[in-house]
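Trainee: Only the shape, not the letters, is given here:
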C-alpha cells in the first residue's frame with residue numbers, strides 16, 4: 001500500500017481508508033447516498049471540487065456499487081474514468097477493446113466517450129472507487145444509445 005499511496009497526503013489516505021472500512025464493514029449508509037442515472041449503478045460521491053485548470057468543470061471521487069444480479073447499463077462519460085476495484089469481480093466491456101475481467105486490487109482506465117459497462121461475476125457486488133471530471137451541472141454519465 002505504501003508504494004500505491006506514496007506522495008498522497010494524510011487526508012487522501014484517511015479518506016480512502018475510511019471508504020474501504022465503511023464498505024468492508026457493510027455500512028448501509030454509504031450505499032444509500034448519492035445516486036446514478038445509469039441503471040444498475042449505485043453511486044456515492046465522497047468529494048467534489050472545481051477543477052483547478054477549468055472552474056467550469058468539477059472533479060469527483062466516489063464509490064460505485066453494482067450487484068451481480070443487475071449489471072450496469074451501457075453508458076459513457078465526457079471525460080476519462082479512472083478506478084480501483086475495492087471488492088468483487090466483473091467483466092468489463094469497453095467499446096473497441098476485448099472484454100476483460102477486473103478483480104479486487106485491480107485498477108482500470110476508460111477513455112472519454114467510450115461506451116462501456118460492468119457485469120459482475122460471482123456473488124459479491126462489484127465495489128469500485130472512481131474519479132471523474134464533469135461539466136458543472138451535467139450528469140456523471142450518459143446511457144448509450
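Mentor: Everything's here; your move. These numbers come from a predicted model, not from an experiment.

Trainee: any chance you could map the strands in the chain?
Mentor: Ranges of strands in the chain, per DSSP state E, are 42-51, 54-66, 75-76, 81-87, 89-94, 100-103, 107-110, 116-121, 126-135, 142-143.

Trainee: in terms of contact, does residue 72 touch residue 40 like I think?
Mentor: Yes: using CB atoms under 8 Å as the test, residue 72 is close enough to residue 40 to be in contact (4.1 Å). Where you see a C-beta, it was placed from the backbone N, CA and C, and this is true even at glycine.

Trainee: got a pLDDT number for residue 3?
Mentor: Per-residue confidence for residue 3 comes out at a pLDDT of 50.

Trainee: circling back: any residues in contact with both of residue 72 and residue 40?
Mentor: Residues touching both residue 72 and residue 40 (CB atoms under 8 Å, 6 or more residues apart in numbering): 66, 117.

Trainee: Burial check on residue 113, number of neighbours?
Mentor: By other CB atoms under 10 Å, 12 other residues sit near residue 113.

Trainee: List the contacts of the residue nearest the centre of the chain.
Mentor: To find the centre residue of the chain, average its C-alpha atoms and take the closest one (CA atoms, centre = their mean): that gives residue 130, at 3.1 Å. By CB under 8 Å, 6+ apart, the contact set of residue 130 is 61, 62, 63, 64, 81, 82, 83, 84.

Trainee: For it, list each beta-bridge partner.
Mentor: With DSSP bridges as the criterion, the beta-bridge partners of residue 130 are residue 62, residue 83.
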